[in-house]
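**Q** Quick one: sequence and predicted model below, then my questions.
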Amino acid sequence: MKNYALITGASSGIGLAMAEIFARHTTNLILVARSITTLKKIKSNLEKKYGIIVYILEKDLSREESPKEIYDFVIGKNIRIGYLVNNAWFWDYGPFADSDIQRDQDMIQVNIHALTLLTRYFVQDMKKQKFGKIVNVASTAAFQPWPYMAVYFASKAYVSSFSLALSKEVETYGITVTTLYPWPTQSNFVKNAKASWVKAFGWKLPTSQEVAEFAYKKMIKGKKIAIHGFTNRLLVGITKFLPMKIVLNIMGTFLKK
């Protein structure tokens, strides 16, 4: 039975770029996103271009039922998932005390809960198969708390800790878990960003395709950690040695602008 790749957040950005890369390697796909119109266009394009099978699922991962519905669809089609890319996420900016409570709950649901459940559902099958490759998309945000984006950064810290721990648990079963730590890419993230600091870095940002190519190579090699870009690796290393008070003061001042 041929392995499929299941990708969430597949309608744009890194998720869409990953779909293209898997398709180029003749891997059949299950693509999950909220926009069925966009997914239909992607499905048509990839099937015609690469001669693969593409299933599409319109799912909002902020709904608690969505991860189980995705898993049930896969089981119902008797599909074997060899690759799982948990890419779906969203963020918000502003003081936590003034934030939209529902948006914070949805962020936790998408960034943490859905990722955890999808990993749980499919890793049990990968364990039986003695094969599986998982990519969980964290962020450089995982390495330090940032004021004014408290929930988002905390959610990515969870993704990092969870994924790294899991990678050790499952390695004896032929399963690898790669945690991707990207900085923002040239995408709607920048165009729609409310914070001026994001726009200020727009000209330096990598493309989603560049990050996806990097992630795919690390996944194939079974690497546990994938931090894209020398500058990002340098910044991550530096912040580990700075006192937390200094980090919070710098980031608080920076992000408040």
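**A** Thanks, I have it.
**Q** distance of Ile14 from Pro184?
**A** Remark: distance between Ile14 and Pro184 (CB to CB, to the nearest Å) = 10 Å. To be clear about C-beta, it is placed using only N, CA and C from the backbone, and glycine gets the same treatment.
**Q** the more surrounded of those two?
**A** Ile14 (28 against 20; other CB atoms under 10 Å).
**Q** Just the C-alpha atoms of stretch 174-185, please, in PDB.
**A** These are the backbone C-alpha positions of stretch 174-185, laid out as PDB (Å, rounded to 0.1, in the frame of the first residue of the first chain):
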ATOM      1  CA  GLY A 174      10.900   3.500  12.500                       C
ATOM      2  CA  ILE A 175       9.100   6.800  13.100                       C
ATOM      3  CA  THR A 176      10.800  10.200  13.000                       C
ATOM      4  CA  VAL A 177       9.400  13.500  14.300                       C
ATOM      5  CA  THR A 178      11.000  16.700  12.800                       C
ATOM      6  CA  THR A 179      10.200  20.000  14.500                       C
ATOM      7  CA  LEU A 180      10.400  22.900  12.100                       C
ATOM      8  CA  TYR A 181      11.300  26.300  13.500                       C
ATOM      9  CA  PRO A 182      10.700  28.900  10.800                       C
ATOM     10  CA  TRP A 183      10.800  32.700  11.100                       C
ATOM     11  CA  PRO A 184       7.900  34.400   9.300                       C
ATOM     12  CA  THR A 185       8.000  33.900   5.500                       C
END
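**Q** Give me the distance between that stretch and the centre of its chain.
**A** Remark: stretch 174-185 is offset 8 Å from the chain centroid, using CA atoms, centre = their mean, to the nearest Å.
**Q** repeat for stretch 69-84
**A** Averaging C-alpha positions (CA atoms, centre = their mean) puts stretch 69-84 19 Å from its chain's average.
**Q** Give the buried residues for it.
**A** Residues of stretch 69-84 classed as buried by neighbour count (16 or more other CB atoms under 10 Å): 70-71, 73-74, 79-84.
**Q** Next: stretch 32-51.
**A** 32-33, 38-39, 42-43, 46, 50.
**Q** what does stretch 146-161 give?
**A** The neighbour-count check on stretch 146-161 (16+ other CB under 10 Å) flags 146-160 as buried.
**Q** Out of those residues, which one has the lowest pLDDT?
**A** Across the set of those, Trp146 stands lowest in pLDDT, at 76.
**Q** what about that residue, is that helix, strand or coil?
**A** Here Trp146 is recorded as coil under DSSP: H, G, I helix; E, B strand; the rest coil.
**Q** quick one: it from Phe153, how far?
**A** In terms of CB to CB, Trp146 sits 5 Å off from Phe153.
**Q** re earlier: could you pick out which of the buried residues of stretch 69-84 are located in helices?
**A** 70-71, 73-74 (DSSP state H).
**Q** which of those residues lies closest to His25?
**A** Taking CB to CB as the measure, His25 lies nearest Val74 of those, at 20.0 Å.
**Q** Just give the nearest non-adjacent residue to that closest one, would you?
**A** Nearest residue to Val74, sequence neighbours excluded (CB to CB, 6 or more residues apart in numbering): Ile81, at 6.1 Å.
**Q** if I pick the closest residue to Glu20 other than its chain neighbours, what's in contact with it?
**A** Spatial nearest neighbour of Glu20, excluding adjacent residues (CB to CB, 6+ apart): Leu46 at 7.1 Å. Leu46 sits next to 19-20, 23, 29, 52, 54 when contact means CB atoms under 8 Å, 6 or more residues apart in numbering.
**Q** Work out the gap between the helix or strand hosting Leu46 and the centre of the chain.
**A** Here Leu46 sits within helix 36-50, counting by DSSP states H and E. Distance of helix 36-50 from the chain centroid (CA atoms, centre = their mean) equals 21 Å.
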